[in-house]
Structures are given as C-alpha cells and as structure tokens.
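Trainee: The following block contains a protein sequence and its predicted model.
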Amino acid sequence: MSLTSLSMEAFTRKLASADPTPGGGSVAAAIGSFGAGLVRMVALLTSNSPKYAAVAERCNATAQSALTLTDELLKLVDEDSASFDRVSAAYRLPKSSDAEKSARSQAIQSALEGAIDPPERVIHASNQICELAAELVDIGNPSALSDIGCAALCAQAAAHGAALNVEINAGALKNRELARSHTERVHAELAQVGLLAEVILGKLRAKADG
C-alpha cells in the first residue's frame, strides 16, 4: 500500500510504530510536499484575485511548478521507504561462504547508492520550492505571505532531514570518491536552501514591521 494513500492519522500512527518505515526520509519528503502545496496555494490566491492581474500569469506558472514539485515529493515519500527496505534486505542476505559474502557486499553497496537518490531529489526539490517562494514573497497576495514563510521553513526542514539520510548512506559506501561527491553536492544545495529561506523570512519580517 502506498504511504500517501493513508490518512494523515494512519500515516502518523504507522510512523510512530516499531516498523522502521516510513522513517525520517519519508517524513522529509512529506514535509517538502507541504511546502510545495503552500507555495501553490499562495500563487493561486494571488492569480485568482483581480487586484493582482498584473502578476497573474507569473503566479499561474508558479502554481503549476509547485504542483509538479508536490507530485514528485509525494512519490518520494514511498520511494524513500522502498529504498530503505532494499538496503535492509541486502544486509539480511546470507554470508556463509566467500561467494555469498561477495554477493552480499555488492548488493549492499548497490542498495546504498539507490537509497541516496530519493533524499537527493528531496533536497533538489526543496531548493526549487524556496526559489518559487522567494519570487512570491515579492508579488504574492499579502494576506497569505505568512504561508510563504511556512513553505520556506518546510522546504528547509525537508532538505536538512533528507541530507542526514544522504550522509548516513554515503558514509557506508566503499567508493569514497563517490561518497564525497554526494555529500559535497548536498552541502552546496543545503547552503542555497538556507540562503533563500533566510532572504524570504527576512523580507516577511520587514513587511510585518511595516
């Protein structure tokens, strides 16, 4: 069963169980989807108002981009859990003989590389959410600007949560050059997300102060 087909209560109850999935990676993707959803909401509240006709086209494009990100992040909720399950299955492979040990080691490394992909995509999507939010904070309907701040915070939390998963899985890779490549790319995107979130929140506070 897809995790995203569960009600909010059912998902949270499953999260709170002894089952290791869904875990932090799935939660990061879910939080990211909330951020993208908030961006879409503010974009539509702006484009649907005659007062903001001058930016309606831009906001409609932003809404479409946010919908695409929402859909991707919802898929990543399940993909992250599935990738963790594949890593767990690889670790459970037999290791009685040298041949089995070799096959198990290869399976583990392959599964770890696969488990890095979903959280990296969550981080990339989070960066895009912040880029959209940074545009909306200047042109969006003022009555919904606090939602843009919440969207930026969701994206930032999602990115940091996903980064932990990348770092942990990369840390277990035998190919250290590949591991460094993953972590360096992640840290660069995290810095960008943090910068954008800081700009967005700074602008919101300035608007609130009048």
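Mentor: It's in. Residues are numbered from 1 along each chain as shown.
Trainee: the longest helix in this structure is where?
Mentor: Assignment by DSSP state H gives helix 98-139 as the longest helix of the chain.
Trainee: So which elements touch that one?
Mentor: helix 24-47, helix 56-91, helix 145-171, helix 176-208 (3 or more Cβ pairs under 8 Å, 6 or more residues apart in numbering; DSSP states H and E). C-beta here means a position set from N, CA and C on the backbone, and glycine is covered the same way.
Trainee: Run the chain-centre distance for it.
Mentor: 9 Å (Cα atoms, centre = their mean, to the nearest Å).
Trainee: tell me the angle it makes with helix 56-91.
Mentor: Comparing the axes of helix 98-139 and helix 56-91 via axes from the mean of the first three to the mean of the last three Cα atoms, to 10 degrees yields an angle of 160 degrees.
Trainee: relative to helix 176-208, how tilted is helix 98-139?
Mentor: 20 degrees.
Trainee: Leaving out sequence neighbours, find the closest residue to the residue most central in space within the chain.
Mentor: Centroid-nearest residue in the chain, with Cα atoms, centre = their mean: residue 122, separated by 3.0 Å. Distances taken as Cβ to Cβ, 6 or more residues apart in numbering place residue 162 nearest to residue 122, at 3.9 Å, with adjacent residues excluded.
Trainee: Now do that neighbour, the pLDDT please.
Mentor: Note on residue 162: pLDDT of 98.
Trainee: Hmm, it is touching residue 123, no?
Mentor: Yes. Under the criterion of Cβ atoms under 8 Å, residue 162 makes contact with residue 123 at 4.9 Å.
Trainee: So for these two, which residue has more residues nearby?
Mentor: Between residue 162 and residue 123, counted using other Cβ atoms under 10 Å, the more crowded position is residue 162 (31 against 28).
Trainee: any idea how far the residue nearest to residue 122 is from residue 117?
Mentor: As judged by Cβ to Cβ, to the nearest Å, residue 162 and residue 117 stand 11 Å apart.
Trainee: One more: residue 4?
Mentor: 18 Å.
Trainee: wait, what's in contact with residue 74?
Mentor: 4, 29, 30, 33 (Cβ atoms under 8 Å, 6 or more residues apart in numbering).
Trainee: number of nearby residues for the third one?
Mentor: Meaning residue 30. 24.
Trainee: pLDDT score for it?
Mentor: On the pLDDT scale, residue 30 gets 97.
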